[in-house]
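1. Quick one: sequence and predicted model below, then my questions.
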Amino acid sequence: METGTKELVICSAYFPGDTTFPPPNEVRKLVAFCRGKNLQLLVACDANSHHTTWGSTDINERDLERLANSIGQAIVSAYHENCPLRKKSDNRKVSWWNSKLEKLRKEVRKKFNRAKSAGEWEVYRQILTLYNKEVRKAKRESWENFCSSIEDAASGTRLHKILSREPSLTLGSVKRSDGTYTASGAETLKIMADTHFPDHVLIDSASAEEGNFTSRLKRPSKECWKFVNKLVTASVVRRAVLSFLPYKAPGDDEIFPALLQHGLEFLMSYLIRLFRSSLAWNFIPSNWRKVKVVYIPKAGKTDSQPKSFE
């Protein structure tokens, strides 16, 4: 029977669930030290059992929220760092300017200087009239050429919206079904939501907290993970990302499709994991649930009925 004493190293450690390479560097160094000194090591730790380091293939809803935030922040940060805003200096003249107008402008200045000294103002007025006429003609022809160059429906629709846009109006009171009007912004928003989103569920701020919301989620089964792994593949994600117009307006996360499309090679594994987890847990990260709804009055509608907006 072996007798005597042995040295034992005991440590307490925290393994963050949002790090890419657990365990922490301090724990790694301690393990190396004990191994080199042939010491026994006992570690008590708080670790995320769903991390891939432990061989897990899934993540919980808390990790899903963190993953979505981390990916979004990384995309936006990389964009701002590599594409900083800068003022563009453009010395080019307007698109409708041409050599004929350049010559006429020089002639106008010449006749003006002569009129000041010799009093030939009639000659100056004639050349000025001709110059203004040619400017209007050049602008009109340039605009016609621009309109003729529009070949797709999206560009035409965008131009139509810009030309027909009216000053933005603040949504005020709307008429209820009983003929009375709403007295507050909260009442107006509720009626508009009931009209345009009839299946919506209104929750208060307390219920929207992550802890209260995610506590009701059910852990996915192995069959569920097998299904989403087959459903969400690299080809499916690539097809979905490339289906958007590159510079479609982003949401509150500031991520427009071009950022995903140009970075798809680096983001693919993260997006696949994120989409699979979202489907398996039946959980949408909070950033994805934030939308901005703008109610636009329908053409020809001047009343305050909720259905007069779209």
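-> Right, received. Where do you want to start? Numbering: from 1, shown residues only.

2. helices and strands around the one helix or strand residue 125 maps to, which ones?
-> Using DSSP states H and E, residue 125 sits within helix 121-148. Applying 3 or more CB pairs under 8 Å, 6 or more residues apart in numbering; DSSP states H and E, one finds that helix 121-148 contacts helix 99-118. To be clear about C-beta, it is placed using only N, CA and C from the backbone, and glycine gets the same treatment.

3. who touches the helix it packs on?
-> 120-121, 123-124, 127-128, 130-131, 134-135, 138 (CB atoms under 8 Å, 6 or more residues apart in numbering).

4. Could you identify the buried members of those?
-> 124, 127-128, 131, 134, 138 (16 or more other CB atoms under 10 Å).

5. of all those residues, which comes closest to residue 94?
-> Checking the buried ones among the contacts of helix 99-118 against residue 94 with CB to CB, the nearest one is residue 138 at 9.2 Å.

6. quick one on the thing from earlier: could I get the buried residue list for the very next helix or strand once past the helix holding residue 125?
-> As assigned by DSSP H and E, the chain's next helix or strand after helix 121-148 is helix 153-164. Judged by neighbour count using 16+ other CB under 10 Å, helix 153-164 contains no buried positions.

7. where does the stretch 51-200 of the chain dip in pLDDT?
-> Along the stretch 51-200 of the chain, segments meeting pLDDT under 70 span 51-61, 89-93, 161-162, 164-170.

8. The same query, at a cut-off of 50, please.
-> Residues of the stretch 51-200 of the chain meeting the criterion pLDDT under 50: 52-53, 55.

9. burial measure for residue 244, as a count.
-> Using other CB atoms under 10 Å, residue 244 is surrounded by 13 other residues.

10. Give me the phi and psi angles of it.
-> Dihedral pair for residue 244: phi -90, psi 150, per degrees, to the nearest 10.

11. Can you give me the neighbour number for the nearest residue to it once chain neighbours are set aside?
-> Nearest residue to residue 244, sequence neighbours excluded (CB to CB, 6 or more residues apart in numbering): residue 257, at 3.8 Å. By other CB under 10 Å, 17 other residues sit near residue 257.

12. Just list the residues touching residue 257, thanks.
-> Counting by CB under 8 Å, 6+ apart, residue 257 touches 241, 244-248.

13. quick one on the thing from earlier: give me the distance from the helix holding residue 125 to the chain's centre.
-> Centre-to-centre, helix 121-148 and its host chain are 44 Å apart (CA atoms, centre = their mean, to the nearest Å).

14. Helix 99-118 and that one, what's the angle between them?
-> Computed by axes from the mean of the first three to the mean of the last three CA atoms, to 10 degrees, the angle separating helix 121-148 from helix 99-118 equals 160 degrees.

15. coming back round to it: quick one: the contacts of helix 99-118 as JSON lines, columns for distance to residue 88 too.
-> Formatted as JSON lines, the contacts of helix 99-118 follow (distance: CB to CB, whole Å):
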{"residue": "120", "distance to residue 88": "43"}
{"residue": "121", "distance to residue 88": "42"}
{"residue": "123", "distance to residue 88": "41"}
{"residue": "124", "distance to residue 88": "38"}
{"residue": "127", "distance to residue 88": "35"}
{"residue": "128", "distance to residue 88": "33"}
{"residue": "130", "distance to residue 88": "35"}
{"residue": "131", "distance to residue 88": "30"}
{"residue": "134", "distance to residue 88": "29"}
{"residue": "135", "distance to residue 88": "26"}
{"residue": "138", "distance to residue 88": "24"}
